[in-house]
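Colleague: Just to be clear, the model below is a prediction. Sequence and coordinates:
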Amino acid sequence: MSLNVVILAAGQGKRMNSQLPKVLHPLAGKPLLAHVVAAARALSPEKIVVVIGHGGDAVRQVIAAPDIAFALQVEQRGTGHALQQALPHLAKADTTLVLFGDVPLIDPDTLRNLIKGKGVRILTALLEDPKGYGRIVRKQKQVRAIVEEKDASAAQKKIREVNTGIMALPTARLAAWLGKLKPQNAQKEYYLTDIVPLALADRVTVSGTPASDVWQTLGVNSQTQLAQLERHVQQKTAHRLLEHGVTLADPARVDVRGELICGRDVSIDIGCLFEGRVSLADEVTIGAHCVLQNIEIKAGTRIEPYSHLVDAVIGANCRIGPYARIRPGTTLADDVHIGNFVEVKASDIGAGSKASHLSYIGDSSVGRNVNVGAGTITCNYDGANKHRTVIEDDVFIGSDTQLVAPVTVHRGATIGAGATITKDVAAGELAISRAKQISIQGWKRPTKKEKP
């Protein structure tokens with residue numbers, strides 16, 4: 001079956017109380033609309049059309065792609081009016097599926113089941129509290145109408161089966177039906193749901209299929225609803241990790257805003273945040289309150305609490321933190337130790353090397369089995385340009401050393417504590433840069449002047 005997908009994403013979302021277009025608010029690390037686009041792509045449609053309106057330029061910039069066409073709804077005059085704007089962009093497909101940019105958890109399998117049928121196919125939901133939703137009115141089990149909340153009678157408001165807004169429609173009939181819509185409702189809008197009586201008048205079947213999981217059908221109209229969906233997504237993710245064998249100290253206190261891939265016997269403590277694509281190999285341990293973004297960590301490595309790692313590759317059996325910061329462009333080989341309050345940026349550090357305390361390593365190439373003493377700084381920035389520091393294998397760097405780049409410390413060299421290194425250090429040499437220590441006898445510390 002050939003398929004168009006139209007995603008309605010023009011609404012302002014006033015209840016969000018935000019300048020950001022509603023469909024761009026993040027859920028599990030990506031915009032609401034991006035979740036819907038991903039579900040649409042899973043169906044391999046002929047065409048995906050996104051109807052934009054409020055904040056349309058921002059929406060276009062975020063999700064623009066070769067397989068997406070945009071239709072502009074200048075005035076938000078209802079769902080039927082929105083679909084009218086998409087008509088010129090549709091392919092000559094059998095079915096047009098209508099989705100909503102603020103209903104992010106819809107599952108592709110649910111949609112595949114919906115588009116299998118014929119006629120007008122409506123995805124419905126059974127809610128304990130249907131307030132605010134359009135009610136599905138049936139007669140002898142057949143759908144006869146969808147009545148919006150503001151237009152519903154007292155008896156209709158008691159109906160628990162509601163319209164999710166998601167519909168599969170015969171493309172060939174869309175133009176004629178949409179042309180007959182009239183704003184005969186309390187909102188003076190063109191409702192897509194008014195296609196139902198038009199279809200019935202044309203003797204086209206109208207069916208309603210309840211979703212197996214109500215969460216798939218819930219939209220976001222407020223920050224409260226967004227937070228509820230976020231918790232639901234995170235709970236599902238935590239359950240999936242647990243079923244995979246990951247140890248979570250508290251499943252309610254872990255957030256995955258992207259893709260988290262875990263090997264065997266991975267352990268994650270409380271309060272951890274994973275963003276982008278994070279890969280944790282076998283027996284990796286993540287301490288409490290760590291932030292990992294676009295990180296690959298190899299087997300046996302331990303990340304101690306309160307560490308922040310972004311856009312880096314960490315080797316096997318490393319020890320990172322606590323309170324360590326690994327910045328973009330960093331690659332650590334196996335058995336590297338980066339200790340507390342150490343920052344590494346855009347650097348490669350060889351196997352067995354360590355920087356245990358209070359140091360900054362930036363724009364550097366560090367060899368194997370290097371010891372970086374406490375308080376060491378690579379001075380990589382001259383105020384205009386970045387320069388690189390090279391530290392070869394088996395170098396020992398004493399505490400409180402400043403390496404003023406560009407500079408190379410050759411293999412096996414030793415740098416005495418407190419040195420400022422501005423020239424290359426030859427292999428095997430000891431480099432010392434210190435002022436002569438003197439003692440002044442009889443010196444007295446200044447005292448505060450008494451106030452008048």
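Modeller: Great, that's in hand.

Colleague: which sections of this structure are below the confidence cut-off?
Modeller: By pLDDT under 70, the chain has no low-scoring segment.

Colleague: Domain map for it?
Modeller: Following automatic domain parsing, the chain resolves into domains at 3-217, 223-431.

Colleague: In JSON lines: these, plus mean neighbour count and distance to E450.
Modeller: In this view, the C-beta of every residue, glycine as well, is placed from N, C-alpha and C. Compiled in JSON lines, the domains of the chain are given as follows (neighbours: other C-beta atoms under 10 Å; distance: least, C-beta to C-beta, whole Å):
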{"stretch": "domain 3-217", "mean neighbour count": "18", "distance to E450": "58"}
{"stretch": "domain 223-431", "mean neighbour count": "19", "distance to E450": "38"}
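
Colleague: closest one to S439 among these?
Modeller: Nearest of the domains of the chain to S439, taken as C-beta to C-beta: domain 223-431 at 17.5 Å.

Colleague: Ends of that closest one, what's the gap?
Modeller: Across domain 223-431, the terminal residues are separated by 60 Å (C-alpha to C-alpha, to the nearest Å).

Colleague: same check, this time on stretch 360-367
Modeller: Termini of stretch 360-367 sit 16 Å apart (C-alpha to C-alpha).

Colleague: what's in contact with it?
Modeller: Residues outside stretch 360-367 that contact it (C-beta atoms under 8 Å, 6 or more residues apart in numbering): 327, 342-350, 353, 355, 372, 376-378, 380-381, 386-395, 405, 411.

Colleague: ok, now stretch 328-347?
Modeller: Residues contacting stretch 328-347 (C-beta under 8 Å, 6+ apart): 298, 304, 310-327, 348-366, 368.

Colleague: Just the ones of those in strands?
Modeller: With strands taken from DSSP state E, the overlap with the contacts of stretch 328-347 comprises 310-314, 319-320, 325-326, 348-349, 354-357, 360-362, 364-366.

Colleague: in the stretch 1-150 of the chain, which spans are helices?
Modeller: 32-41, 56-63, 79-86, 108-115 (DSSP state H, counting those that start in this stretch).

Colleague: quick one: which of those is nearest R15?
Modeller: helix 32-41 (14.0 Å).

Colleague: tell me what that closest one is packed against?
Modeller: Packing partners of helix 32-41 (3 or more C-beta pairs under 8 Å, 6 or more residues apart in numbering; DSSP states H and E): strand 3-9, strand 47-52, helix 56-63, strand 95-100.

Colleague: which stretch among the helices of the stretch 1-150 of the chain comes nearest C262?
Modeller: Closest approach to C262 among the helices of the stretch 1-150 of the chain (C-beta to C-beta): helix 32-41, 21.6 Å.

Colleague: now the angle between helix 108-115 and that closest one, please.
Modeller: 60 degrees (axes from the mean of the first three to the mean of the last three C-alpha atoms, to 10 degrees).

Colleague: relative orientation of helix 32-41 and strand 95-100 in degrees?
Modeller: Using the same axes, to 10 degrees, the inter-axis angle of helix 32-41 relative to strand 95-100 is 160 degrees.

Colleague: Contacts for helix 32-41 next, please.
Modeller: So helix 32-41 is contacted by 5, 7, 9, 22-28, 48, 50, 59, 62-63, 65, 67-68, 97, 99-108, 111, 220, 226 (C-beta under 8 Å, 6+ apart).

Colleague: now do stretch 281-291
Modeller: 249, 262-273, 275, 280, 292, 297-310, 316, 321-322.

Colleague: Which ones among those lie within helices?
Modeller: The helices, defined by DSSP state H, take in nothing from the contacts of stretch 281-291.

Colleague: Just put the helices and strands packed on helix 32-41 in TSV and tack on distance to L126.
Modeller: Formatted as TSV, those follow (distance: least, C-beta to C-beta, whole Å):
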stretch	distance to L126
strand 3-9	23
strand 47-52	28
helix 56-63	32
strand 95-100	19
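
Colleague: I'm done for today, thanks for sticking with me.
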